[in-house]
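Student: Predicted model and sequence follow; I will ask about them next.
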Amino acid sequence: MKLFIPILFIVFFISTFSFLFAKDLPGKDLFYNSKGKYGSCNHCHINGGSGGRWNFETQSVDQEEGKKIPVLKGVGKRKDEEQIKRSIQLMKKMFDFKLTDDQISKLAEYVGTL
Ligand code: HEC
(Lines give C-alpha, C1' and ligand atoms only; values in the text may rest on other atoms or scores of the structure.)
Protein backbone atom coordinates (compact mmCIF):
# COMPACT_ATOMS: atom_id res chain seq x y z
CA MET A 1 0.00 0.00 0.00
CA LYS A 2 2.88 2.34 0.76
CA LEU A 3 4.10 1.98 -2.80
CA PHE A 4 0.72 2.55 -4.38
CA ILE A 5 0.64 6.36 -4.10
CA PRO A 6 4.12 6.98 -5.55
CA ILE A 7 3.42 4.58 -8.41
CA LEU A 8 0.14 6.31 -9.13
CA PHE A 9 1.97 9.62 -9.10
CA ILE A 10 4.63 8.40 -11.54
CA VAL A 11 2.03 7.00 -13.92
CA PHE A 12 0.12 10.28 -13.79
CA PHE A 13 3.30 12.28 -14.35
CA ILE A 14 4.43 10.22 -17.33
CA SER A 15 1.04 10.28 -19.05
CA THR A 16 0.63 14.02 -18.51
CA PHE A 17 4.06 15.09 -19.66
CA SER A 18 4.84 12.42 -22.23
CA PHE A 19 4.13 14.89 -25.02
CA LEU A 20 7.30 16.72 -23.97
CA PHE A 21 9.34 13.67 -24.85
CA ALA A 22 7.47 12.78 -28.00
CA LYS A 23 9.85 13.23 -30.93
CA ASP A 24 7.33 13.17 -33.71
CA LEU A 25 4.97 16.05 -33.28
CA PRO A 26 2.07 16.08 -35.70
CA GLY A 27 2.33 18.34 -38.74
CA LYS A 28 0.64 21.37 -37.25
CA ASP A 29 2.99 21.49 -34.27
CA LEU A 30 5.94 21.06 -36.60
CA PHE A 31 4.71 23.95 -38.71
CA TYR A 32 4.62 26.31 -35.74
CA ASN A 33 7.48 24.89 -33.68
CA SER A 34 10.13 23.37 -35.94
CA LYS A 35 13.34 25.33 -35.84
CA GLY A 36 15.18 26.46 -38.92
CA LYS A 37 17.80 29.14 -39.30
CA TYR A 38 15.07 31.79 -39.34
CA GLY A 39 12.54 30.20 -37.02
CA SER A 40 9.56 28.02 -37.79
CA CYS A 41 7.65 27.69 -41.07
CA ASN A 42 5.26 30.21 -39.58
CA HIS A 43 7.97 32.88 -39.59
CA CYS A 44 7.51 33.24 -43.36
CA HIS A 45 4.24 31.45 -44.15
CA ILE A 46 2.21 33.23 -41.46
CA ASN A 47 -0.73 30.96 -40.63
CA GLY A 48 -0.36 29.47 -44.10
CA GLY A 49 -0.73 32.86 -45.74
CA SER A 50 2.10 34.92 -47.08
CA GLY A 51 4.25 37.23 -45.01
CA GLY A 52 5.42 39.01 -48.15
CA ARG A 53 8.80 38.34 -49.68
CA TRP A 54 11.97 36.76 -48.38
CA ASN A 55 14.85 39.15 -48.74
CA PHE A 56 18.04 37.08 -48.94
CA GLU A 57 20.25 40.14 -48.42
CA THR A 58 18.73 41.42 -45.21
CA GLN A 59 17.56 37.93 -44.22
CA SER A 60 14.16 39.20 -43.26
CA VAL A 61 10.59 39.33 -44.46
CA ASP A 62 10.24 42.30 -46.75
CA GLN A 63 7.29 43.86 -48.54
CA GLU A 64 9.12 44.89 -51.73
CA GLU A 65 12.44 43.11 -52.20
CA GLY A 66 13.18 39.43 -52.52
CA LYS A 67 11.59 36.13 -53.41
CA LYS A 68 7.84 35.94 -53.09
CA ILE A 69 6.74 33.71 -50.23
CA PRO A 70 3.84 31.68 -51.63
CA VAL A 71 0.52 31.42 -49.84
CA LEU A 72 0.12 27.85 -48.65
CA LYS A 73 -3.66 27.95 -48.34
CA GLY A 74 -5.10 25.75 -51.10
CA VAL A 75 -1.69 24.38 -52.11
CA GLY A 76 -3.17 20.88 -51.57
CA LYS A 77 -5.51 21.57 -54.49
CA ARG A 78 -2.77 22.86 -56.79
CA LYS A 79 -0.14 20.24 -55.98
CA ASP A 80 0.00 16.61 -54.96
CA GLU A 81 1.67 15.37 -51.81
CA GLU A 82 4.90 14.39 -53.58
CA GLN A 83 5.33 17.91 -54.95
CA ILE A 84 4.63 19.42 -51.53
CA LYS A 85 7.19 17.08 -49.97
CA ARG A 86 9.76 18.17 -52.53
CA SER A 87 9.09 21.83 -51.67
CA ILE A 88 9.55 21.06 -47.98
CA GLN A 89 12.84 19.27 -48.78
CA LEU A 90 13.86 22.52 -50.46
CA MET A 91 12.85 24.53 -47.37
CA LYS A 92 14.93 22.15 -45.28
CA LYS A 93 18.02 22.79 -47.42
CA MET A 94 17.50 26.54 -47.88
CA PHE A 95 16.64 27.42 -44.30
CA ASP A 96 18.47 24.69 -42.35
CA PHE A 97 15.57 22.80 -40.87
CA LYS A 98 16.33 19.66 -38.90
CA LEU A 99 13.56 17.43 -40.20
CA THR A 100 13.36 13.68 -40.65
CA ASP A 101 11.60 12.17 -43.69
CA ASP A 102 8.79 11.14 -41.39
CA GLN A 103 8.37 14.71 -40.13
CA ILE A 104 8.41 15.99 -43.71
CA SER A 105 5.55 13.59 -44.51
CA LYS A 106 3.59 14.86 -41.53
CA LEU A 107 4.22 18.47 -42.55
CA ALA A 108 3.19 17.74 -46.13
CA GLU A 109 -0.01 16.16 -44.87
CA TYR A 110 -0.79 19.23 -42.75
CA VAL A 111 0.17 21.79 -45.41
CA GLY A 112 -2.09 19.92 -47.86
CA THR A 113 -5.10 20.61 -45.61
CA LEU A 114 -4.60 24.37 -45.41
C1 HEC B 1 12.78 32.06 -44.45
C2 HEC B 1 11.42 32.01 -45.00
C3 HEC B 1 10.74 30.64 -45.14
C4 HEC B 1 10.64 29.66 -44.19
C5 HEC B 1 11.19 29.67 -42.77
C6 HEC B 1 9.87 28.58 -44.80
N7 HEC B 1 9.54 28.92 -46.08
FE8 HEC B 1 8.44 27.77 -47.36
N9 HEC B 1 8.83 29.10 -48.86
C10 HEC B 1 9.55 30.28 -48.74
C11 HEC B 1 9.83 30.83 -50.07
C12 HEC B 1 10.61 32.10 -50.36
C13 HEC B 1 9.22 29.93 -50.99
C14 HEC B 1 9.28 30.00 -52.51
C15 HEC B 1 10.44 29.15 -52.97
C16 HEC B 1 10.61 29.10 -54.45
O17 HEC B 1 9.71 29.45 -55.17
O18 HEC B 1 11.70 28.68 -54.86
C19 HEC B 1 8.59 28.88 -50.20
C20 HEC B 1 7.86 27.80 -50.73
C21 HEC B 1 7.21 26.83 -49.99
C22 HEC B 1 6.34 25.80 -50.53
C23 HEC B 1 5.91 25.67 -51.99
C24 HEC B 1 4.57 26.35 -52.14
C25 HEC B 1 4.04 26.34 -53.54
O26 HEC B 1 3.06 27.05 -53.79
O27 HEC B 1 4.59 25.63 -54.38
C28 HEC B 1 5.91 25.03 -49.48
C29 HEC B 1 4.96 23.83 -49.53
C30 HEC B 1 6.56 25.56 -48.28
N31 HEC B 1 7.33 26.65 -48.62
C32 HEC B 1 6.40 25.04 -47.02
C33 HEC B 1 7.19 25.39 -45.94
C34 HEC B 1 7.29 24.63 -44.71
C35 HEC B 1 6.49 23.37 -44.37
C36 HEC B 1 8.21 25.26 -43.92
C37 HEC B 1 8.74 24.82 -42.57
C38 HEC B 1 9.48 23.56 -42.54
C39 HEC B 1 8.66 26.45 -44.65
N40 HEC B 1 8.05 26.47 -45.87
C41 HEC B 1 9.55 27.40 -44.17
C42 HEC B 1 9.97 30.84 -47.54
C43 HEC B 1 10.06 30.17 -46.34
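Tutor: All right, it came through fine.
Student: So which residue is smack in the middle of the chain?
Tutor: Central residue of the chain (C-alpha atoms, centre = their mean): F31, 2.1 Å from the mean position.
Student: Tell me how far that one lies from the ligand.
Tutor: Remark: distance between F31 and the ligand (C-beta to the nearest ligand atom, to the nearest Å) = 6 Å. (Each C-beta comes from the backbone N, C-alpha and C, glycine too.)
Student: Could you verify that A108 is part of a strand?
Tutor: No: A108 is assigned helix when assessed by DSSP: H, G, I helix; E, B strand; the rest coil, not a strand.
Student: For it, give me its contacts.
Tutor: By C-beta atoms under 8 Å, 6 or more residues apart in numbering, A108 lies in contact with 27, 81, 84-85, 88.
Student: and if you look at G49?
Tutor: With C-beta under 8 Å, 6+ apart, G49 has these contacts: 71-73.
Student: Of the residues you listed, just say which sits nearest to the ligand.
Tutor: Checking those against the ligand by C-beta to the nearest ligand atom gives L72 as the nearest, at 5.8 Å.
Student: Could you say which helix or strand holds the closest one?
Tutor: Using DSSP states H and E, L72 falls within no helix or strand.
Student: ok, back up a step: who wins for neighbours among the contacts of G49?
Tutor: Counting neighbours by other C-beta atoms under 10 Å, the top entry in the contacts of G49 is L72, with 22 neighbours.
Student: On the C-terminal side of the strand or helix carrying V11, identify the next helix or strand.
Tutor: When elements are assigned from DSSP H and E, V11 belongs to helix 4-21. Sequence order places helix 27-33 as the next helix or strand after helix 4-21, per DSSP H and E.
Student: still on that earlier bit, pull out the buried members of the contacts of A108.
Tutor: For the contacts of A108, a burial check counting by 16 or more other C-beta atoms under 10 Å picks out 27, 84-85, 88.
Student: so where's this protein uncertain?
Tutor: By pLDDT under 70, the low-scoring segments of the chain are 1, 17-25.
Student: What residues does it have near the ligand?
Tutor: Within the chain, the residues that sit near the ligand (C-beta under 6 Å from any ligand atom) are 31, 34, 36, 38, 41, 43-45, 54, 67, 69-70, 72, 75, 79, 84, 87-88, 91, 95, 97, 107, 111.
Student: Thanks again, I'm all set now.
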